[in-house]
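[1] task: produce atomic coordinates for the following.
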Amino acid sequence: MNKQYYIYIMTNKGNTVLYTGVTSDLKRRVYEHREKQVDGFTKKYNITKLVYYEVFEDIDSAISREKQIKGGSRQKKIELINSMNNEWRDLYEEL
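    Numbering: from 1, shown residues only. Alright, predicted model coming up:
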């Protein structure tokens, strides 16, 4: 079985702050953000809702995509989320 890598976008309850990250274990990483287990941006801004993710077969592609998304405007991120999840549902329970 090949390892998978994920880029993801999370937000807070009011959908006012966006956070983009990369991981090899999406469910665990989102859980860590939700439970405030890591100090930093997501804890400070109460980021708990997974609204977008993509799956990759290799880490280099995932990191490249993460940088592309982080370098884009907020509007580009909103359009990306809307393309997959226009209701901005929390996708965590579907993992």
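[2] use CA for all of it now, contacts and neighbours both
    Will do.
[3] what about the nearest residue to residue 24 once chain neighbours are set aside, neighbour count?
    Excluding the flanking residues, the one nearest residue 24 by Cα to Cα, 6 or more residues apart in numbering is residue 5, at 4.4 Å. Using other Cα atoms under 10 Å, residue 5 has 21 other residues around it.
[4] the closest residue to residue 12 other than its chain neighbours - how many residues pack around it?
    The shortest distance from residue 12 to any non-neighbouring residue, by Cα to Cα, 6+ apart, is to residue 47 (4.2 Å). A count of neighbours around residue 47, defined by other Cα under 10 Å, yields 25.
[5] distance of residue 47 from residue 31?
    11 Å (Cα to Cα, to the nearest Å).
[6] hey, where'd the strands end up in the chain?
    Listed in chain order, the strands of the chain (DSSP state E) span 5-11, 18-23, 49-56.
[7] my guess is residue 18 contacts residue 9, does it?
    Yes. With contact defined as Cα atoms under 8 Å, residue 18 counts as touching residue 9 (6.6 Å).
[8] who's more crowded, those two?
    A count of neighbours by other Cα under 10 Å puts residue 9 above the other of residue 18 and residue 9, at 24 against 19.
[9] kindly state the beta-bridge partners for that one.
    With DSSP bridges as the criterion, residue 9 is bridged to residue 20, residue 52.
[10] let's number from 35 now, not from 1
    Shifting the count to begin at 35 puts that one at residue 43.
[11] list the contacts for it?
    By Cα atoms under 8 Å, 6 or more residues apart in numbering, the residues touching residue 43 are 52, 53, 54, 55, 84, 85, 86, 87, 115.
[12] go through those and name the one nearest residue 128.
    Using Cα to Cα, residue 84 comes nearest to residue 128 of the contacts of residue 43, at 10.2 Å.
[13] isn't the closest one up against residue 44?
    Yes. Between residue 84 and residue 44 there is a contact under Cα under 8 Å: 4.4 Å.
[14] hang on, the earlier thing: so what's the residue nearest to residue 58 bridging to?
    Under the criterion used (DSSP bridges), residue 39 bridges to residue 90.
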